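**Student:** coordinates for the following, if possible.
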Amino acid sequence: MTTTYNCTSDDQRTEGLQHAQRAISEKKCIVMPTDTVYGIAADAFSPLAVTMLLASKGRSRQMPPPVLIPRINALDGLATDVPADARALAQAFWPGGLTLILHAQPSLDWDLGETKGTVALRMPDDQIALELLGLTGPLAVSSANRTGQEAAQTASEARLQLAESVEVYLEGGFRPVKGTAALPSTIVDATSNPFRVVRQGAIELERLREIVPSILGIGETIPADAPAAEDATVTADDAPIEVTETAGVEDSSQESVKPEAPSEAKTE
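**Tutor:** All right, here's what the predicted structure looks like:
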C-alpha cells in the first residue's frame with residue numbers, strides 16, 4: 001500500500017526513511033526529494049527494480065537512469081579508470097548539481113538499461129536524499145514524473161503522476177528550495193578526451209573550466225590549431241539525454257557511443 005510521509009516532521013521522517021529502506025530492499029520504487037527536483041528511486045543492483053522504475057515513468061531501456069551515491073569515495077566502487085580531472089570535479093562540485101559519466105566497473109552485477117558500459121553518477125546536495133542513500137547504498141534515480149510530463153517539485157505532485165506504482169513517497173517540501181532556479185544537473189562525459197558537457201544545467205561551464213580548463217561545452221570542438229585528441233569533436237547530436245538521462249550510462253547518466261542523458265528537472 002502506498003504511503004506518504006511528511007519528512008519535515010522528525011517522527012515521520014524517521015518512519016518514512018525506514019519504510020523507504022524496506023521498500024528498496026523489497027525491489028520496490030520510492031519517491032524522494034533531491035536538490036534539483038523529486039526523483040523516483042530503486043535499487044541500482046536489481047534489474048527487476050530498475051525495470052519497475054522505467055515502467056513507472058513510461059521509459060525504455062534506451063534511457064537508463066543515473067545513479068545517486070551517498071559519498072565521493074563510492075566512485076571507485078562503481079566506476080573504473082576514473083580520471084584525475086573527474087575526481088577534481090567531484091571534489092569541487094559534490095554534493096551538488098553535477099553528474100559525471102564514467103566507465104562502469106565491469107564486475108558489478110547490475111542492469112540499468114542500454115548503458116554501453118558507462119554509468120552516470122551524482123552525489124545530491126539534499127539531506128533527506130543523503131540520509132536515505134546512507135541506509136540503502138547507491139540508487140538508480142530518475143525525475144519523479146511520467147515521461148513527457150513536468151518533473152515533480154513536491155511528493156504530492158509526483159503522486160499525481162506515479163500513483164500506486166510507488167510504495168513510499170517522502171515529502172520534504174518544495175524542490176528545489178523556493179527562490180532557487182529549477183535546473184537539472186550539468187552532465188559531463190568524463191569518458192571522452194577532452195571532457196565534454198552533454199547537458200548544461202546547475203553548474204555553469206565557466207565554473208567547470210576553473211577546475212578542468214580543457215572541458216568542451218555543448219556544440220564546441222577543439223580549435224583547428226590545437227593538438228589532436230582522440231574523440232575530441234563534440235556536436236549537439238552526440239549528447240546523451242536524464243537522473244536524468246544518460247548513463248553510459250540516463251541521465252545519469254554515457255558512451256562508447258553513449259545513450260541519452262538523464263533528466264532531472266524537466267528530466268533529471
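**Student:** please enumerate the strands of the protein.
**Tutor:** For the chain, the strands defined by DSSP state E occupy 3-6, 30-33, 38-43, 67-68, 79-80, 98-104, 118-122, 139-143, 168-171, 186-189, 196-199.
**Student:** burial check on Asn73, number of neighbours?
**Tutor:** 9 (other C-beta atoms under 10 Å). In this view, the C-beta of every residue, glycine as well, is placed from N, C-alpha and C.
**Student:** compute the distance between it and Leu205, please.
**Tutor:** For Asn73, the distance to Leu205 equals 27 Å [C-beta to C-beta, to the nearest Å].
**Student:** next one: Leu162
**Tutor:** Separation of Leu162 from Leu205 (C-beta to C-beta): 33 Å.
**Student:** cool, Tyr169 as well?
**Tutor:** For Tyr169, the distance to Leu205 equals 35 Å [C-beta to C-beta].
**Student:** between the two, which has more neighbouring residues?
**Tutor:** Counted by other C-beta under 10 Å, Tyr169 and Leu205 do not tie: Tyr169 has more neighbours, with 26 against 15.
**Student:** my read is that that one contacts Thr4, right?
**Tutor:** Yes - counting by C-beta atoms under 8 Å, Tyr169 does reach Thr4; the two are 4.2 Å apart.
**Student:** list residues touching both of those two?
**Tutor:** Common contacts of Tyr169 and Thr4 (C-beta atoms under 8 Å, 6 or more residues apart in numbering): 155-156, 159.
**Student:** now, which of those sits nearest Val177?
**Tutor:** When the shared contacts of Tyr169 and Thr4 are ranked by distance to Val177 (C-beta to C-beta), Ala155 comes first, at 14.8 Å.
**Student:** the closest residue to that closest one other than its chain neighbours bridge partners, please.
**Tutor:** Of all residues not flanking Ala155 in the chain, Glu171 sits nearest, at 3.8 Å (C-beta to C-beta, 6 or more residues apart in numbering). Beta-bridge pairing for Glu171 (DSSP bridges): Asn6.
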